[in-house]
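Structure, please.
(one chain, ligands or ions: 2)
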Amino acid sequence: MINMINVTDSEIVKYLEAKKNDKIYDDTHLEYYCNTCGFYVHEQTKHCKKCNICVGKFDHHCVWTNNCIGEANYNFFISMIVSCFLFELLYFIKSFQFLIEKSY
Ligand SMILES: [Zn+2]
Ligand SMILES: [Zn+2]
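Numbering: from 1, shown residues only. Ligands and ions are numbered 1, 2, ... in the order given. As a prediction, the model looks like this:
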């Protein structure tokens, strides 16, 4: 699910939507420019070379989900980490229980 979320910077999405509807998008409030994409982006945006997109509030490129982790999917990523941890914890507890029961 995480790799299905579009993590492209929201300003680029707005710009492309405006262009699609033949409207002019005002990007003068943005200071940072991505030379690769050719768009003005947010300050915390970073261009990912692997995905070849600008990611809003870039955290990292995750090899497990094969997608960037940024503003759009950060909460889902944290949920995935927490649920994996809880599953491992349950697995460890049940394995330990099994070992104790077998030792008697
Ligand atoms: Zn870019
Ligand atoms: Zn990436």
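
How about the helix or strand containing residue 68 and ligand 2, touching?
Using DSSP states H and E, residue 68 maps to strand 67-69. Yes - Strand 67-69 comes into contact with ligand 2 (C-beta under 5 Å from the ion), by way of residue 68. Any C-beta I mention is one placed from the backbone N, CA and C, and that applies to glycine too.

For that strand, give me every contacting residue.
2-3, 5, 7, 48, 50-51, 53, 55, 58-62, 73, 77 (C-beta atoms under 8 Å, 6 or more residues apart in numbering).

average model confidence for that strand?
Strand 67-69 comes out with an average pLDDT of 93.

tell me which residues in the helix or strand following that strand are buried?
Heading C-terminal from strand 67-69, the first helix or strand you meet, by DSSP H and E, is helix 74-103. Buried residues in helix 74-103, counting neighbours by 16 or more other C-beta atoms under 10 Å, are found at 74, 77, 80.

roughly how far out does the helix or strand of the chain with the lowest mean pLDDT sit from the chain middle?
Least confident helix or strand of the chain, by mean pLDDT, DSSP states H and E, is helix 10-20 with a mean of 87. When C-alpha coordinates are averaged (C-alpha atoms, centre = their mean, to the nearest Å), helix 10-20 and its chain have centres 19 Å apart.

Following element in sequence after that helix, please.
That would be, after helix 10-20 and using DSSP H and E, strand 32-34.

in which helix or strand would I find residue 50?
Under DSSP H and E, no helix or strand contains residue 50.

Which strand residues bridge the closest residue to it other than its chain neighbours?
Counting by C-beta to C-beta, 6 or more residues apart in numbering, the nearest residue to residue 50 once its immediate chain neighbours are dropped is residue 61, at 5.2 Å. Beta-bridge partners recorded for residue 61 (DSSP bridges): residue 68.

do you know how far residue 61 is from residue 100?
Counting by C-beta to C-beta, to the nearest Å, the gap from residue 61 to residue 100 is 42 Å.

circling back to that earlier point, so among the contacts of strand 67-69, which ones count as buried?
Buried among the contacts of strand 67-69 (16+ other C-beta under 10 Å): 2, 5, 7, 48, 53, 55, 58-59, 61, 73, 77.
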